[in-house]
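In: Turn this into a model:
(chains A and B)
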Amino acid sequence: MMRSSQPLTGTNGRRCKEDEKLINATLRPGKRGYIIDTRSLNVAQQARAKGGGFEQEAHYPQWRRIHKCIERFNILQESLIKLVEACNDQSHNMDRWLSKLEASNWLTHVKEILTAACLAAQCIDREGASVLVHGTEGTDSTLQVTSLAQIILDPRCRTIRGFESLVVREWLQAGHPFQQRCAQSAYSNSKQKWEAPVFLLFLDCVWQILRQFPCSFEFNEQFLIMLFEHAYASQFGTFLGNNENERSKLKLVQKTMSLWSWVNRSEELSKFQNPLFEANSLVIWPSVAPQSLQLWEGVFLRWNRPSKFLDEAHEEMINIIKYN
Amino acid sequence: VKYEELYCFSFNPKLDKEEREQGWKLVDLNEEYNRMGVPNNYWQISDVNRDYGVCDSYPTEVYVPKSATAHIIVGSSKFRSRRRFPALSYYCKDNNASICRSSQPLSGFSARCLEDEQMLQAIRKANPGSDFLYVVDTRPKLNAMANRAAGKGYENEDNYSNIKFQFIGIENIHVMRNSLQKMLEVCELKSPSMSDFLWGLENSGWLKHIKAIMDAGIFIAKAVAEEGVSVLVHCSDGWDRTAQVCSVASLLLDPYYRTMKGFMVLIEKDWVSFGHKFNHRYGNLDGDPKEISPVIDQFVECVWQLIEQFPCAFEFNERFLIHIQHHVYSCQFGNFLCNSQKERRELKIQERTYSLWAHLWKNRADYLNPLYRSDHSQTQGTLRPQMAPCNFLYKFWSGMYNRFEKGLHPRQSVTDYLMAVKEETQQLEEELEVLGERLANLQKSKVNDNKVKSKQQDRSKQLGLSMSNNSLANTPQEYSNDLKSFPSRTPSQGDEEDSALILTQDNLKSSDPDLSANSDQESGVEDLSCRSPSGGGCLPSEDSGKDSDEAVFLA
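Out: Below you'll find the predicted structure:
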C-alpha cells in the first residue's frame, strides 16, 4: 500500500514517466493495482483546473481507479462543531437529539472513512493487489485510510507498540499538519482556516473497530482518548509542528520530552491495557452498517454522562481476569 | 387458528408430569408478596375475587389495604373501567410506601363514587408516613380528557381527599404499533446511509416512547424511595402502560427484581397475574390487528437500556431478555397464552403445557451477567438513572431489532469471554482444592504410588471464544458497492432459540388510519374525538355488546 498526493495532471493532461514507473514498480506480477482517490470524481476532475487532477487510465493502464469520497478537512470541522453543540444541549428532548446528531454528519464521516479503509484492505488482502491512496495533498483523508487499513490487516498495529509506531509513521512522519489541524478544536471563537478533527476522526474509527472486536486490541479506549488529548494540548513535544522538517528545525528532540517515553512506562501503560486482549492473527473486518457505528461517548459525552457505573463495570472486568 | 393448534400444546420436552408441575411452581407469587412484607398491619390479602366475580381480568388473590372492606372493593370496582379496582403491585417495607395499580375511574365529567374515594383513602392510610397519595395517569392529558366524554376519565383532586394528581404522557397502543413498524422499516433498509438510519429512527419516535416509559418509572420510584409517598398508577384499562410503568418502577426500587428469578417473578406478577392481554397483544391467535402492540417488548427494552447504563446491576444478560421476548411470541410455552388468569385456568394451561421459566432456569448459565456481584454497590438499593441530560443514553437495540444479522454486532462477545474466564477460574479453584487434598494425603501417607495427574487445560482453546468467531471476523462486507450483505439473515447455528418470531412488517398490518390523534384508543374505548386525517373508522366501542374475545376461545 502506498500513499501520495494528487498527480499534477492539470488541464493539459500532463504525464510523468517517472511517476508511472515508480508506482508500476509496486505491482505484483500479472496483477493490476488499485488507486483509491479519496475525492469524488467531480472534485477530482475540478482539481485539474488548479493544476491538480487524477491518474488517467491511458497513462496508468494497469491501475484501476476507485473514488471513495471523504469530505475535505474543513467540512469535518463544521461537523465537529455541530456535534459538540448537540452533545451540550441540555434539553430533555429526545427528538431533537437524533436529528441534531444526524445533522452534524459526524457518523457519516466515520462510515465513509471506515468504508474506504476497508476497501483498501480488501484490495490487498482479498485480491492480493497493490494499492495507492491519495486525496489532494495526501495529508488528511489519505492518512486516515492508510492507517485504518493497516489496523484491519495487521495484528501488530493492534498492539500498543505497534499502534504507536503506526501513529508515528502514518501521521507524524507522513506530515499530517498537527499544528494547523489541532490548534483550537470546537470551542474557538473565531473561524479557524486550517483547523480540522482529522486525527480525532481517525481515533474515532479505531474506537469503532475496537468496540466491534473487543478482544483484538492490546490497548483500551482510554489510550485513544489520551492520544486525542495530547494531539491538542500536551506537555510533550511529540505532536508539535506540522512535519518532520519543522520538528527538526524546532529541535524538538533536544528541547522536549517524547510522549511515548512517558506512556510506555509500566505504571502508565497499565492504565491503557485492554484486559480482554487475546492476540490473534486475524484480519478483522468491521461492519459499516449504521447500526454498528455508535457515537463515541467516551469523548463526546465525557462531561455529560456519568461514567461511574461504566468505570465500575470495567474494574469488575479487570478483577475477573486478574483473579483468573 | 385454534388454541389447540398452538405449539405449546404439542411441544414435548420429554419431562414427566411431576417435572412439569415443578416447573410451574418455580415462580410463586404468594412467596413473593411475603418477601415484600405483606400481609402485615397495613395490607391484607383479599379473596373477594376468588371466582373472578368482581373482576375477570384480575387474579383470584389480590392485596388491598387493611381498611378496605369487601364492600369498598366491590363498590370501587364498579367505578373502574373493566372493574379493575386499585390493588397492590409493590410494597416497600422500608417506609410502607406502595405502588398500587388500577384502571381509569368512570368519572365522566362529574360522577363520584364513595367507595372508590374510600379505596384511595385506604391506600393512603396504609402508609402512615405520608399524608397524601400520588395518582399517576400514564396517558397524555388530552387523551384522558377525551375519555371523560365517554363517561370515563381521571380522578378529580377535589373529590379525592389528599391526592396529588399527575399526568405522565405515554402514547397509546396504536401509536406504539406504528412506531415499531416505522423502526422496523428502517432496520430492513437495504444499505442505509447514516442519515437514512438516524432520520428513520427519529421519525419512528421509538426511543422517545421508551424514554417516556422509563421517565414514568423513575418518577414513581422516586416517589416511593425518596419521598416515601405511595402511588396509584393507571392508564385506561390498566393492563398496558400501567404494567410497563409498575414493573419498571419495581425494578428500579428493588434489587431482587434484577436477579434472574426476581425478574421472572416480576413478569408473573405485573404482567401475567394482572391480566395483560397476551393473546390480543401478540397475535397468538388470529385476532383484531388493532389490538396488536409491542407493549411487553417496550418493557423488555427498558430493561436492556438499564443494563447498558448499569452493567453490574443485573444478574442476567441481554440474551435472557431477548429469549423472553422471543417466547412471548413463540407460544412454545404456556405462560403467555390467553388474556387473563381466568382464561388460563379454564384452559388448564398448567396441566397441558410447560413453563418457560423452568426452561430458562435450566439454561441459566447462558443468561448470567459476568459482571454481576450481589455484594456490589451497583446492585444494592435503588437504581437512579440520570434524568437530564439523558437523551443520548437511549440507544438503538441492534441485538433485538437486527437480531439475526450477526455481522452487525460486535464480533467478539465480552460477556461470553468473561463467562468463559469465570468458568475456567471456577474449574481451576476446584482443581486447586483437589490437588490440595491430594497433597495433604501424600504428606500423610508418605507413599509415592499416587501419581498426581493434572489435566493440562488448553487455555487458549478454553478462552478462545474469539477463535470460534473467526469466520465472521474474517468476512468482509461489500464495501465497494455499498451493498449491505452480511450472509446470514437467517438465524445462525449459535442461537438456540428458533427463528424470527419478532414483529415484522407483516405482523403489524398497518392499514389503520392515523390513530395518534387526541384520543385514547386503547382496546375498546370508543373514540369520540377521532381526528385522523383519513377520517378512518373508530375502534369497536367497549360497550358494543358483542363479546368477540370469548368467541375466539370457544371456537
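In: Tell me where the model's unsure across the stretch 301-450 of chain B.
Out: Confidence mapping of the stretch 301-450 of chain B against pLDDT under 70 gives the ranges B:388-389, B:446-450.
In: What residues does it have near chain A?
Out: Within the stretch 301-450 of chain B, the residues that sit near chain A (Cβ under 8 Å from any Cβ of the partner chain) are B:309-313, B:370-371, B:373, B:376-378, B:386, B:388-396, B:398, B:402, B:405, B:407-412, B:414, B:417-418, B:421-422, B:424-425, B:428. Just so you know, the C-beta spots here come from the backbone N, C-alpha and C atoms, and that holds for glycine as well.
In: can you pull the contacts of the residue nearest to residue A:179 when sequence neighbours are not counted?
Out: Of all residues not flanking residue A:179 in the chain, residue A:242 sits nearest, at 4.8 Å (Cβ to Cβ, 6 or more residues apart in numbering or on different chains). Counting by Cβ atoms under 8 Å, 6 or more residues apart in numbering or on different chains, residue A:242 touches A:175-180.
In: tell me which of these is nearest to residue A:212?
Out: Closest to residue A:212 out of these is residue A:176 (25.1 Å), distances taken as Cβ to Cβ.
In: which helix of the chain spans the most residues?
Out: In the absence of a named chain, chain A is used. Counting residues, the longest helix found in chain A (DSSP state H) is helix A:106-125.
In: my question was about chain B
Out: Every helix in chain B considered (DSSP H), the longest is helix B:414-445.
In: just how off-centre is that one within its chain?
Out: 39 Å (Cα atoms, centre = their mean, to the nearest Å).
In: if we can go back for a sec, output the longest helix of chain A in PDB with nothing but the alpha carbons.
Out: Output in PDB follows, covering the C-alpha atoms of helix A:106-125 (Å, rounded to 0.1, in the frame of the first residue of the first chain):
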ATOM      1  CA  TRP A 106     -20.100  13.100  12.100                       C
ATOM      2  CA  LEU A 107     -21.100   9.400  12.000                       C
ATOM      3  CA  THR A 108     -21.500   9.700   8.300                       C
ATOM      4  CA  HIS A 109     -17.800  10.700   8.100                       C
ATOM      5  CA  VAL A 110     -16.900   7.800  10.300                       C
ATOM      6  CA  LYS A 111     -18.800   5.500   8.000                       C
ATOM      7  CA  GLU A 112     -17.100   6.900   4.900                       C
ATOM      8  CA  ILE A 113     -13.600   6.700   6.200                       C
ATOM      9  CA  LEU A 114     -14.100   3.200   7.500                       C
ATOM     10  CA  THR A 115     -15.600   2.100   4.300                       C
ATOM     11  CA  ALA A 116     -12.700   3.500   2.300                       C
ATOM     12  CA  ALA A 117     -10.200   1.800   4.600                       C
ATOM     13  CA  CYS A 118     -12.000  -1.500   4.400                       C
ATOM     14  CA  LEU A 119     -11.900  -1.200   0.600                       C
ATOM     15  CA  ALA A 120      -8.200  -0.600   0.600                       C
ATOM     16  CA  ALA A 121      -7.700  -3.500   2.900                       C
ATOM     17  CA  GLN A 122      -9.900  -5.700   0.800                       C
ATOM     18  CA  CYS A 123      -7.800  -5.000  -2.300                       C
ATOM     19  CA  ILE A 124      -4.700  -6.100  -0.500                       C
ATOM     20  CA  ASP A 125      -6.000  -9.000   1.400                       C
END
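In: Setting aside sequence neighbours, what's the nearest residue to whichever residue of the stretch 151-300 of chain A sits closest to chain B?
Out: Chain B sits closest to residue A:290 of the stretch 151-300 of chain A, with a gap of 3.4 Å, by Cβ to the nearest Cβ. Excluding the flanking residues, the one nearest residue A:290 by Cβ to Cβ, 6+ apart is residue B:197, at 3.4 Å.
In: for residue A:27, same thing?
Out: Using Cβ to Cβ, 6+ apart, the nearest residue to residue A:27 is residue A:33, at 5.2 Å.
In: Please apply the same query to residue A:173.
Out: residue A:244 (5.9 Å).
In: got it, and residue B:205?
Out: In space, residue B:205 is closest to residue B:179, 5.0 Å off (Cβ to Cβ, 6+ apart).
In: Is the one you found in contact with residue B:207, as I believe?
Out: No. The pair residue B:179 / residue B:207 is not scored as a contact, 9.4 Å apart, by Cβ atoms under 8 Å.
In: and residue 71, what does it touch?
Out: If you meant another chain, say so; for now it's chain A. A:79, A:105, A:109, A:112, A:141.
In: You answered for a different chain; I wanted chain B.
Out: Counting by Cβ under 8 Å, 6+ apart, residue B:71 has contacts residue B:115.
In: Quick check: which element contains it?
Out: Per DSSP states H and E: residue B:71 is located in helix B:70-78.
In: Please compute how far that helix lies from its chain's middle.
Out: 29 Å.
In: which neighbours does the helix or strand just after that helix have in its sheet, and in what orientation?
Out: Toward the C-terminus, helix B:70-78 is succeeded by strand B:87-91 as the next helix or strand (DSSP H and E). Taking DSSP bridges as the criterion, strand B:87-91 pairs within the sheet with strand B:98-102 (antiparallel).
In: from the chain's centre, how far out does the strand it pairs with sit?
Out: With Cα atoms, centre = their mean, you get 17 Å for strand B:98-102.
In: circling back: surely the residue nearest to residue A:173 is in contact with residue A:174?
Out: No. At 9.3 Å, residue A:244 and residue A:174 do not qualify as touching, with contact defined as Cβ under 8 Å.
In: Skipping adjacent residues, who's closest to residue B:182 in space?
Out: residue B:204 (3.7 Å).
In: Can you report how many residues lie near that neighbour?
Out: Residue B:204 is flanked by 21 other residues according to other Cβ atoms under 10 Å in any protein chain shown.
In: And for residue B:400?
Out: Count around residue B:400 with other Cβ under 10 Å applied: 18.
In: what's it in contact with, if anything?
Out: B:297, B:300-301, B:304, B:321-322, B:325, B:502.
In: which stretch of helix or strand covers residue B:131?
Out: Using DSSP H and E, no helix or strand contains residue B:131.
In: One more: residue B:136?
Out: strand B:133-137.
In: what sits up against the lowest-mean-pLDDT helix or strand in chain A?
Out: Least confident element among the helices and strands of chain A, by mean pLDDT, DSSP states H and E: helix A:94-104 (a mean of 86). Defining contact as Cβ under 8 Å, 6+ apart, one finds that helix A:94-104 is touched by A:79-80, A:82-83, A:85-86, A:89, A:107, A:295, B:194-195, B:198-199, B:201-202, B:205, B:207-208, B:211, B:391-392, B:394.
In: For PyMOL, write a command that selects the buried ones of the residues you listed.
Out: In PyMOL, a selection of the buried entries from the contacts of helix A:94-104 looks like this (16 or more other Cβ atoms under 10 Å in any protein chain shown):
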select buried, (chain A and resi 79+80+82+83+86+89+107+295) or (chain B and resi 194+198+199+201+202+205+207+208+211+391+392+394)
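In: Mind checking which of the contacts of helix A:94-104 land in helices?
Out: Per DSSP H, the contacts of helix A:94-104 map to helices at A:79-80, A:82-83, A:85-86, A:107, B:194-195, B:198-199, B:201-202, B:207-208, B:211.
In: give me the number of residues near residue B:345?
Out: Counted with other Cβ under 10 Å, residue B:345 comes out at 13.
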